[in-house]
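Novice: no sequence for this one, just the structure:
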């Protein structure tokens, strides 16, 4: 069964304090791993898609990396506006990309 | 360019009632999917439609139904509402095919009392 596990559940950092969020997955035949950012009461906002082990993508203070069993979202020198819940997701096996299995997310709080 | 738009944004219903949620995909996107997100959890897949045909269904009861129209907009219907149906209902759209990004709308908040 496809599973996505995110850790930690919640993370509080001081402004400028770098850290990493983890997403581990068990899926047969990975067809991509997606990272989204979700602000309270809003829909998920797309950040990155990773397809193969060793792939890295960056956007501002965020960098996503992928291995054969997990993905990391590294946040460098975060600012308060980076506070949000970060979700990772993988496509369900035997379905197309549109059917995603999500983790429960990491709730990130950046303290000024 | 407009993103995925959903309506209504918030609504309150009574147990046993029926609700219809609406979604307009990004222009050019023919695939629409629906997700349910309860507080503290990640979104759960409900349905996917492509070219007006249902392509997949998640583990939800038959009280949940959906359809897609010729202009690719979509409706999600939930009958005989239960308290446990209270959630954020998300619509997402994408171009068809593997590797395409799935974009989400802001969601419809449903509260069942």
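Specialist: Everything's here; your move. Bear in mind the structure is a predicted one, so any value in this text is a computation, not a measurement.
Novice: who in chain A is up against chain B?
Specialist: When proximity is defined as C-beta under 8 Å from any C-beta of the partner chain, chain A approaches chain B at A:4, A:31-32, A:34, A:36, A:41-46, A:49, A:51, A:87, A:89, A:91-92, A:95-105. In this view, the C-beta of every residue, glycine as well, is placed from N, C-alpha and C.
Novice: filter those to the buried ones?
Specialist: Taking 16 or more other C-beta atoms under 10 Å in any protein chain shown as the criterion, what is buried in those is A:4, A:32, A:34, A:36, A:42-45, A:49, A:87, A:89, A:91-92, A:95-105.
Novice: what's the neighbour count on the residue of chain B found nearest chain A?
Specialist: Per C-beta to the nearest C-beta, residue B:42 is where chain B lies closest to chain A, at 3.0 Å. Number of residues near residue B:42 (other C-beta atoms under 10 Å in any protein chain shown) recorded here: 22.
Novice: now it: closest residue in space that isn't a chain neighbour?
Specialist: By the measure of C-beta to C-beta, 6 or more residues apart in numbering or on different chains, the closest residue to residue B:42 outside its immediate chain neighbours is residue A:102, 3.0 Å from it.
Novice: hang on, the one you found packs against residue A:4?
Specialist: Yes. Under the contact definition of C-beta atoms under 8 Å, residue A:102 touches residue A:4, with a separation of 6.3 Å.
Novice: return every residue with contacts to both of the two.
Specialist: Here residue A:102 and residue A:4 share the contacting residues A:88-89, B:42, scored by C-beta atoms under 8 Å, 6 or more residues apart in numbering or on different chains.
Novice: coming back round to it: distance check, the residue of chain B closest to chain A against residue B:71.
Specialist: Taking C-beta to C-beta, to the nearest Å as the criterion, residue B:42 is separated from residue B:71 by 30 Å.
Novice: ok, and the closest non-adjacent residue to residue B:14?
Specialist: Counting by C-beta to C-beta, 6+ apart, the nearest residue to residue B:14 once its immediate chain neighbours are dropped is residue B:113, at 6.0 Å.
Novice: residues near that neighbour, how many?
Specialist: Using other C-beta under 10 Å, residue B:113 has 10 other residues around it.
Novice: for residue A:20, same thing?
Specialist: Neighbours of residue A:20 (other C-beta under 10 Å): 13.
Novice: direction included, what does the helix or strand that contains it pair up with?
Specialist: Secondary structure assigned from DSSP states H and E places residue A:20 in strand A:19-26. Applying DSSP bridges to the sheet, strand A:19-26 is found paired with strand A:3-7 (antiparallel), strand A:70-75 (antiparallel).
Novice: so what's the backbone phi/psi at residue B:85?
Specialist: The phi and psi values for residue B:85, taken as degrees, to the nearest 10, are phi -80, psi -10.
Novice: who's in contact with the residue lying closest to it once chain neighbours are set aside?
Specialist: The spatially closest residue to residue B:85, leaving aside those adjacent along the chain, is residue B:112, at 5.2 Å (C-beta to C-beta, 6+ apart). Each residue near residue B:112 by C-beta under 8 Å, 6+ apart is listed here: B:12-15, B:17, B:81-86.
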